[in-house]
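Trainee: Need the 3D shape of this:
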Amino acid sequence: MKRLCDELTVSPQLPIEAIDEIAKAGFKTVMCNRPDDEDPGQPSFAEIAAKAEAAGMKAIFQPVASGNVADTDADAFAANLAAAPKPVFAYCRSGTRCTILWSLASAGKLPVQDIIKSASDAGYDMSPLVPRISARG
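Mentor: Numbering: from 1, shown residues only. Take a look at the predicted model:
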């Protein structure tokens, strides 16, 4: 688990068994940014959502293909994040896709260097995105 800001923590693929612990940690929403069947054996979003909802959390499915994050995906992520009960726990294969989405969605809301630093502090290098973040701001 890597905290990007007060409202959002990201992680690699979420095992179903971790849902109850995430709920106990105070998260109100689980967001999946990974398409179903991206890797063999990964739990489906339907399985994750059922467990999350049983634990009292909202579940949001916004799948984005790895290596193909469009500005429209970032806009959808921003809308999902704004509407979701906080804090949000987002996951994908490694956490990078979620961090890219957050970085692009935060353009114009946070200074570019703050976005890059928050991502870096969480272990994600978003410096190659500086031109895209700046262009969106």
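Trainee: Now do the strands in this structure.
Mentor: For the chain, the strands defined by DSSP state E occupy 2-5, 8-11, 29-32, 58-61, 88-91.
Trainee: Relative to the second one, what are the paired strands and their orientations?
Mentor: If I follow you right, that is strand 8-11. If you go by DSSP bridges, strand 8-11 pairs up with strand 2-5 (antiparallel), strand 88-91 (parallel).
Trainee: Mind checking the pLDDT average for that strand?
Mentor: Averaging pLDDT along strand 8-11 gives 98.
Trainee: So what touches it?
Mentor: With Cβ atoms under 8 Å, 6 or more residues apart in numbering as the test, strand 8-11 has contacts from 1-4, 27, 81, 87-92, 95, 98-99, 102, 122. (C-beta placed from N, C-alpha, C; glycine too.)
Trainee: Show me which positions of the lengthiest helix in the chain end up buried.
Mentor: Longest helix in the chain by number of residues (criterion: DSSP state H): helix 71-83. Judged by neighbour count (16 or more other Cβ atoms under 10 Å), helix 71-83 contains these buried residues: Asp73, Ala74, Ala76, Phe77, Ala78, Asn80, Leu81.
Trainee: Next up, the contacts around the nearest residue to Ala78 once chain neighbours are set aside.
Mentor: Distances taken as Cβ to Cβ, 6 or more residues apart in numbering place Ala105 nearest to Ala78, at 3.7 Å, with adjacent residues excluded. By Cβ under 8 Å, 6+ apart, the residues touching Ala105 are Ala74, Asp75, Phe77, Ala78, Leu81.
Trainee: Can you tell me which of those is closest to Arg34?
Mentor: Phe77 (12.9 Å; Cβ to Cβ).
Trainee: residue contacts, the closest one?
Mentor: Asn33, Gln62, Leu101, Trp102, Leu104, Ala105.
Trainee: Now the two most distant members of those.
Mentor: Gln62 and Leu104 (13.1 Å).
Trainee: higher neighbour count, the two?
Mentor: Applying other Cβ atoms under 10 Å to Gln62 and Leu104 shows that Leu104 carries more neighbours, namely 23 against 19.
Trainee: And for the more buried one, nearest residue in space, chain neighbours not counted?
Mentor: Ala74 (3.5 Å).
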